[in-house]
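S.K.: no sequence on hand, only this structure:
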């Protein structure tokens, strides 16, 4: 491929978009839910979920996901059979190669068997954001600082799916508050003409987690030369109570 910032010699052919990873994404959501349960039931010394900052929560989630759940078989399907590893804030290049140091919060690299993929960008990409009524409002923080990165080609540009993880306070919900923000006409084009949040079949709320929802967004960029216009992306919203 001939994109600014990329070395292309010797790279095998790969397909865009990469084959769907929805099953793996649903497993990732199960694992994130379980990790939150562990944090709430038996937090490490000095860690208080209600007062922890974004990076502190993400660091704890990553530690549990990579060092425990990937190997313990506590979450069905979440293992080295489907995932290579879980990394935290790795530096990755955006779609046009002009930004080589984008850092999605959590990257669940996929195990593929002889599939034509760009291996450095074959993953369930997750962005984590606090969500509350005062310091981390949905529109400026969750949408314009988080969700937008999946739409503009910063994250998951090879994929059909992405994951937003919300650290939620003040009783905010996906089906009401996020839906209201995404329905704003002035936001529609910037957010890729999103569909209303739809509850994922089989996903139910728990005491500390909302049901999983999904929205679909158009992406207004082209893949590498002669690859055509990027397909739409489905963003799954996984919100967890931090109160």
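M.R.: Received it, and whenever you're ready, just let me know what you need. Note that this is a predicted model, so its numbers are computed, not measured.
S.K.: any stretches of this structure with poor pLDDT?
M.R.: 1-12, 225 (pLDDT under 70).
S.K.: which residues in it form helices?
M.R.: Counting by DSSP state H, the chain has helices at residues 22-41, 54-64, 70-72, 148-151, 179-182, 185-188.
S.K.: hey, which of the ones you listed is tucked in deepest?
M.R.: helix 148-151 (a mean of 22; mean count of other C-beta atoms under 10 Å). From N, CA and C alone the C-beta is placed, and that goes for glycine too.
S.K.: counting contacts, what elements does that helix pack onto?
M.R.: With contacts taken as 3 or more C-beta pairs under 8 Å, 6 or more residues apart in numbering; DSSP states H and E, helix 148-151 sits against strand 123-131, strand 233-241.
S.K.: which one of the helices of the chain lies closest to residue 218?
M.R.: helix 148-151 (7.9 Å; C-beta to C-beta).
S.K.: okay, the helices and strands packed on helix 148-151, which one's buried deepest?
M.R.: Of the helices and strands packed on helix 148-151, strand 123-131 is the most buried (mean count of other C-beta under 10 Å), at a mean of 25.
S.K.: parallel or antiparallel, list what pairs with that one.
M.R.: strand 106-110 (antiparallel), strand 161-168 (parallel) (DSSP bridges).
S.K.: the closest residue to residue 124 other than its chain neighbours - how many residues pack around it?
M.R.: Distances taken as C-beta to C-beta, 6 or more residues apart in numbering place residue 108 nearest to residue 124, at 4.1 Å, with adjacent residues excluded. Close neighbours of residue 108, defined as other C-beta atoms under 10 Å, add up to 26.
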